[in-house]
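**Q** Have a look at this prediction, sequence included:
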Amino acid sequence: MSVVQKDLKTSQDCNHPKEVTSASMKKYIFLCILCVLTLVPLYVWLIGYSSPAVSLSDNSEQRNVTILLWHWTAERVRAISQNMCWERFNIPHCKVMMQEALYMKADVVVFHNLELSTGRLKLPLELPRPPGQRWAWMSIQSPDNNGRLLGEYGGVFNLTVNYRRDADVSIPYGGFVPREFGDPVDDIPMEKTDLVCWVVSHYKDSFRRSQVYEELNAVIPVKVYGRWSNNPLEPNDLLPTISRCYFYLAFENSIAKDYITEKLWINSYQSGAVPVVLGPPVEEYKAVAPPYSFIHVDEFASVKELAEYLQELAGDAKRYGEYMQWKRDWKVQPSINKEWRLCQICLRYPSFPPHKVYTDLAAWDKAT
Ligand SMILES: *[C@@H]1O[C@H](CO)[C@@H](O)[C@H](O)[C@H]1NC(C)=O
């Protein structure tokens, strides 16, 4: 701005004739017009140039985004604070509320699929929707466990809040973040007593993971904990127990796009056992985890070959150690709490498309 003002003063300078004759008058008028013709575009250009800075400062006074949790049961969200996103995660301009009466003011109304699928909650389809309000469908279950996504859900939701990477608000069960200078390096538990461990509570013969387990256990010993084997672990004993195993079977109960759960992020990575994974295709693991941080069942022609590979690794400290190298550069961040998931809605809010409707939610959910 100051540049512009200085230039405008110069334009006054050219209006300083000492002796004004009618001939020189014309000359001055001509010069002044020339001055104006040069300076006006310069002025416009400078104003245009400085305007991004002006709009940036406007953005910093961004209004709050209001998120309404529709009929969330008390056990689902215990006494949440309206400002929890700021208090807990430093995410600003975000209000999370549960009072139905605030419906007309909400920017996003969040429906939890579990409540919908159990019939405990009905969509308030009769309510008029304030302009700009978005309805969000939230689920962290695999499609097999989402129940039937009824036809009445078509054309209702504007957003998906889901562990999938292609959801509008992606809330994966965990992820890797670069290790920062000064972060403590995890101890690598090397006192191993068991080759392969598995914790399982739901066992069905039809699950693919059950078949792989049976085949594996026929070749190498697999130590099984959990309800199914009548060998349950106390929550506090879970990680110390798994840490004594070379490998942990991070086998998902459903095979679905991007469905990679705490079995990987917590049970394996946080215990220090190398995960043997069964779930979505290996590419989907590679998209979220560094190489040599997991072993995928599908990378072997047979379960027998997998078993041989695991035995070899356990007997070769150097090669086994390669599966711990990622700890130098990365740390794992499991994200299992509801508060964090909800606050991600505010974080993503500015990038939501201006208009989006899920006409066939069931098709989206079942996509591979
Ligand atoms: C949200 O979905 C409703 C229902 O289909 C639609 O009328 C509305 O325009 C959508 N809003 C946005 C912001 O996409």
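**A** Yes, it's here.

**Q** what about the helices in the stretch 151-300 of the chain?
**A** 208-219, 235-243, 262, 282-286 (DSSP state H, counting those that start in this stretch).

**Q** hmm, who's touching the second one?
**A** So that's helix 235-243. The contact list for helix 235-243, computed with Cβ atoms under 8 Å, 6 or more residues apart in numbering, reads 189, 197, 199, 225, 233, 248, 266-268, 270-273. Where C-beta positions appear, they are placed from N, C-alpha and C, glycine not excepted.

**Q** cool, and the longest one?
**A** The contact list for helix 208-219, computed with Cβ under 8 Å, 6+ apart, reads 196, 198, 200, 203-205, 222, 224, 249, 251-253, 255, 278, 297, 303-304, 306-308.

**Q** Assign Val109 to helix, strand or coil.
**A** Using DSSP: H, G, I helix; E, B strand; the rest coil, the structure places Val109 in strand.

**Q** and of the contacts of helix 235-243, the nearest to the ligand?
**A** Lowest distance from the ligand to the contacts of helix 235-243 (Cβ to the nearest ligand atom) belongs to Ile266, with 35.5 Å.

**Q** For that closest one, which non-adjacent residue is spatially closest?
**A** Of all residues not flanking Ile266 in the chain, Pro334 sits nearest, at 5.1 Å (Cβ to Cβ, 6 or more residues apart in numbering).

**Q** For that neighbour, what are phi and psi?
**A** When read as degrees, to the nearest 10, the backbone of Pro334 gives phi -70, psi 150.

**Q** Close to the ligand: what parts of the chain are there?
**A** Residues of the chain that fall close to the ligand, judged by Cβ under 6 Å from any ligand atom: Gly132, Arg134, Gly155, Asn158, His355, Lys356, Val357.

**Q** Strands of the stretch 251-368 of the chain, start to end?
**A** Using DSSP state E, counting those that start in this stretch, the strands of the stretch 251-368 of the chain run over 274-278, 295-296, 330-334.

**Q** Give me the distance between the residue in the stretch 1-150 of the chain positioned nearest to the ligand and Val109.
**A** Nearest residue of the stretch 1-150 of the chain to the ligand, counting by Cβ to the nearest ligand atom: Arg134, 5.1 Å away. Distance, Arg134 to Val109, by Cβ to Cβ, to the nearest Å: 8 Å.

**Q** same question, Ile242
**A** 40 Å.

**Q** could you show me where the helices are in the stretch 1-150 of the chain, in order?
**A** 2-13, 22-59, 84-89, 113-117.

**Q** mean pLDDT for those helices: which is lowest?
**A** Least confidently modelled of the helices of the stretch 1-150 of the chain is helix 2-13, at a mean of 36 by mean pLDDT.

**Q** In contact with the residue in the stretch 101-250 of the chain positioned nearest to the ligand, which residues?
**A** The ligand sits closest to Asn158 of the stretch 101-250 of the chain, with a gap of 3.8 Å, by Cβ to the nearest ligand atom. Contact analysis of Asn158 by Cβ under 8 Å, 6+ apart lists Arg134, Trp135, Ala136, Phe352, Lys356, Val357, Tyr358.

**Q** ok, the residues of the chain next to the ligand vs Cys346, which is closest?
**A** Within the residues of the chain next to the ligand, the smallest distance to Cys346 is 12.3 Å, found for Arg134 (Cβ to Cβ).

**Q** May I have the beta-bridge partners of that closest one?
**A** Beta bridges link Arg134 to Val108 when assigned by DSSP bridges.

**Q** Return the residues in contact with it.
**A** Taking Cβ under 8 Å, 6+ apart as the criterion, Arg134 is in contact with Asp107, Val108, Val109, Asn158, Leu159, Phe352.

**Q** Domain-wise, how is the protein divided?
**A** The record, using automatic domain parsing to delimit domains, assigns the chain the ranges 3-37, 58-171+337-365, 179-332.

**Q** mean pLDDT lowest for which of the ones you listed?
**A** Comparing mean pLDDT over those, the weakest stretch is domain 3-37, at a mean of 47.
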